[in-house]
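Engineer: Sequence and predicted model, in that order:
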Amino acid sequence: MAEDADGHRAPLLPGTEESPGHPVLNFLGKAAASVLPIASVVVGALYLGQCPHQPLLPCYLLVGGSAALLFLLLTCLPCGDGTDPPQLSPGTRGWRAAFLLFLFAWFIAGNVWVYSIYPPEYKDPKNPDFCSRPLYLFAFWVTTLVYVGLGVALLAALGILGCLVLLRARLPWLQRGDAYP
């Protein structure tokens, strides 16, 4: 931020907003991101008690979906201290870290519950290895899609890093030892 002649703060680039994105796009992004957690809560609630082989599987979907929705809801609340750029208070950072640690631990537990019973018995509900087919397949694919998403993000990050390394080697003003303009 720069100050004008009257001492008012003005953005360095005219026309830039304080917000990183348009509010409508932020809302649409969060609405799209909430579809899978809502589906997880619904499937977990509908099939509660329908997997005797692994009774915690519906709970995995219920708690994981609810926690993801709560996390999305908390991102809508202002959490800065009013400074520019906003600084998170230590308490906010601590709760956010604890929440993310819980989500990580819950995801690991869900991996154990989902992958340890593969493949369950789908046809005979009296069989002790029975698990409702829609419940199990939904939990399986939700868990697997998290790994697919992480893999795609890792490949994208490595690709960007590779491009930056190549650009640094090819552009004369980015050579080692040169001062950045």
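Structural biologist: Happy to help now that I have it.

Engineer: tell me the contacts of Leu158?
Structural biologist: Not one residue lies near Leu158 by C-beta atoms under 8 Å, 6 or more residues apart in numbering. (Each C-beta comes from the backbone N, C-alpha and C, glycine too.)

Engineer: host element of it?
Structural biologist: helix 133-170 (DSSP states H and E).

Engineer: Return the set of buried residues in that helix.
Structural biologist: For helix 133-170, a neighbour-count test (16 or more other C-beta atoms under 10 Å) marks Leu135, Tyr136, Phe138, Ala139, Phe140, Val142, Thr143 as buried.

Engineer: could the residues you listed go into JSON lines alongside distance to Ala98?
Structural biologist: Below are these laid out as JSON lines (distance: C-beta to C-beta, whole Å):
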{"residue": "Leu135", "distance to Ala98": "29"}
{"residue": "Tyr136", "distance to Ala98": "30"}
{"residue": "Phe138", "distance to Ala98": "28"}
{"residue": "Ala139", "distance to Ala98": "25"}
{"residue": "Phe140", "distance to Ala98": "28"}
{"residue": "Val142", "distance to Ala98": "23"}
{"residue": "Thr143", "distance to Ala98": "23"}
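
Engineer: so where do the strands sit in this protein?
Structural biologist: 2-3, 9-10 (DSSP state E).

Engineer: pLDDT of the first one, averaged?
Structural biologist: Which is strand 2-3. Averaging pLDDT along strand 2-3 gives 50.

Engineer: I'd like to know how far the spatially most central residue of the chain sits from Thr92.
Structural biologist: Central residue of the chain (C-alpha atoms, centre = their mean): Ala68, 7.9 Å from the mean position. Here the distance between Ala68 and Thr92 works out to 19 Å (C-beta to C-beta, to the nearest Å).
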